[in-house]
Each structure stands twice: as structure tokens, then as C-alpha cells.
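Novice: heads up, no residue letters with this:
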């Protein structure tokens, strides 16, 4: 009986095909914006931060919908987010380390 209830809840929580199509369209628009931003000379000053924000938005959409994190137990999110922050901190530390020791390119 309990397994049937869990199965029914899983079916109710699963997104429809329309949700995936909308997310795919949003990802396409975000990708087009990333490409377009690169070719606008006025945005050269804020190019890197803007691309990071757009990439972060794409990453969040992929993780939430295609990896089903939005529909899973909240415990998975609690585990995932701190590890993601740790990975980002390590990458930023490596960038800073190599910038100090190798100097500007």
C-alpha cells in the first residue's frame, strides 16, 4: 500500500512534456543572449560578469529540471548546494593562484 502511494506521488510530481519544452526554449533564449552579448561592443566592460550570470541561470535550469532536483527530496538540494559552492570556491582559488604566479597573459 505504501509503495503505491509513493508511486502515485512520484507520478503527480513528474513534470509534463510541456514543462520540458518551455525549459528547452528558455535555454535556447539564454544561449542566444550569451552569443549576442559577445558581439555588442558597448557591453565589453561587463562581458565576463554578464556571461557568468547567464551561464549560472542556464546551470540552474538544467539542474532543477533535467536533473530533477526540483522534484526530489529537499535533502538532495541541501547536499548539492554546499558542494557546488565549495567547487566554485576551489575554481576561483585556482584562478587567483595561477594569476598571481603566472602573471597576466
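Specialist: Noted; the coordinates are in hand. Computed from a prediction, not measured in an experiment: that's the story for all the values here.

Novice: quick one, domains of this protein?
Specialist: 1-71, 73-105 (automatic domain parsing).

Novice: out of the ones you listed, deepest packed?
Specialist: Comparing the domains of the chain by mean neighbour count (mean count of other C-beta atoms under 10 Å), domain 1-71 comes out on top with a mean of 12. C-beta here means a position set from N, CA and C on the backbone, and glycine is covered the same way.

Novice: starting at the chain centroid, how far to that one?
Specialist: How far domain 1-71 lies from its chain's middle: 7 Å, per C-alpha atoms, centre = their mean, to the nearest Å.

Novice: residue 68: what secondary structure?
Specialist: Under DSSP: H, G, I helix; E, B strand; the rest coil, the three-state class of residue 68 is coil.

Novice: separation between it and residue 19?
Specialist: Distance of residue 68 to residue 19, given as C-beta to C-beta, to the nearest Å: 11 Å.

Novice: need the nearest residue in space to residue 51, chain neighbours excluded.
Specialist: Of all residues not flanking residue 51 in the chain, residue 34 sits nearest, at 6.0 Å (C-beta to C-beta, 6 or more residues apart in numbering).

Novice: and that neighbour, what element?
Specialist: If you go by DSSP states H and E, residue 34 is part of helix 17-38.

Novice: and the next helix or strand past that helix?
Specialist: helix 47-61.

Novice: ok so, going back, report the rounded mean pLDDT for the helix holding residue 34.
Specialist: Mean pLDDT, helix 17-38: 93.

Novice: same question for stretch 64-84.
Specialist: What stretch 64-84 shows for mean pLDDT is 83.

Novice: that one: how far from the chain's middle?
Specialist: Worked out by C-alpha atoms, centre = their mean, stretch 64-84 lies 11 Å from the chain centre.
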